[in-house]
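Peer 1: Fold the following.
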Amino acid sequence: MPEYILQFPTFPADSCYPASTQQLINLVASIGTLKISGPENDYVASHVVPGSTQQSYVWFQTSPPAGVTGYGLPKVARLFSSLRWFEFAQLAQGDRILVTATSSIVAPWGEFGFTYSFGDTNILPYSPTAAPAPPTGGYKYKTYVGYWSSKTP
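Peer 2: As a prediction, this is how the structure comes out:
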């Protein structure tokens, strides 16, 4: 696992600890420095698909923001290659896991019998194949699809 070192200036001896956890996080964010070795990458955090001038960026896709400004909830990180946006994930499309029969199947998971689309990302629609029969006792399979925007039967 990589190790990243946070660097801070010397605190004056008469400094007080922040009064709350949030104030401590704000202090660390305002004065700390994190150095990650390697080449620098530009990034964009947005619910809108990046334009052609930002296709070399890492795209942190979010849901639409709740208000007029700011960011929505994080959804997925993507990188542009071969004319498409690919998702960073430890799973591949089609990987399955076994869950209880009452488990909800929501993005990035899917199920057989539906075709999943990925908005304006240029990712081709995906239809999971049929899963084997699950073990008895109230189980089902869900299939890794990728962070989809819509599904159709």
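
Peer 1: in a strand, that's where Phe80 is, yeah?
Peer 2: Yes. Membership of Phe80 in a strand is supported by DSSP: H, G, I helix; E, B strand; the rest coil.

Peer 1: roughly how far apart are Leu73 and Gly113?
Peer 2: Leu73 sits 28 Å away from Gly113, going by Cβ to Cβ, to the nearest Å. (Each C-beta comes from the backbone N, C-alpha and C, glycine too.)

Peer 1: wait, Gly119
Peer 2: 21 Å.

Peer 1: More neighbours: which of these two?
Peer 2: Neighbour tally, Gly119 and Gly113, criterion other Cβ atoms under 10 Å: the higher count belongs to Gly119, 15 against 10.

Peer 1: Ramachandran coordinates for that one?
Peer 2: In terms of degrees, to the nearest 10, the main-chain angles of Gly119 are phi 60, psi -140.

Peer 1: Surely it touches Pro125?
Peer 2: No. Look at Gly119 against Pro125 with Cβ atoms under 8 Å: they stay out of range, at 10.9 Å.

Peer 1: got a list of what the residue positioned nearest the centre of the chain touches?
Peer 2: With distances taken as Cα atoms, centre = their mean, the chain has Val76 as the residue nearest its mean C-alpha position (2.2 Å). By Cβ atoms under 8 Å, 6 or more residues apart in numbering, the contact list for Val76 reads Phe60, Gln61, Glu87, Phe88, Ala89, Pro108, Gly146, Tyr147.

Peer 1: Could you save those residues as CSV and add columns showing neighbour count, pLDDT and distance to Gly137?
Peer 2: Formatted as CSV, the contacts of Val76 follow (neighbours: other Cβ atoms under 10 Å; pLDDT from 0 to 100; distance: Cβ to Cβ, whole Å):
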residue, neighbour count, pLDDT, distance to Gly137
Phe60, 16, 87, 39
Gln61, 24, 87, 37
Glu87, 21, 86, 32
Phe88, 11, 82, 34
Ala89, 15, 81, 29
Pro108, 18, 92, 26
Gly146, 21, 91, 29
Tyr147, 19, 89, 30
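
Peer 1: Out of those residues, which sit inside strands?
Peer 2: Members of those lying in strands (criterion: DSSP state E): Phe60, Gln61, Glu87.

Peer 1: domains of this structure?
Peer 2: With domains defined by automatic domain parsing, the chain comprises 1-88, 89-153.
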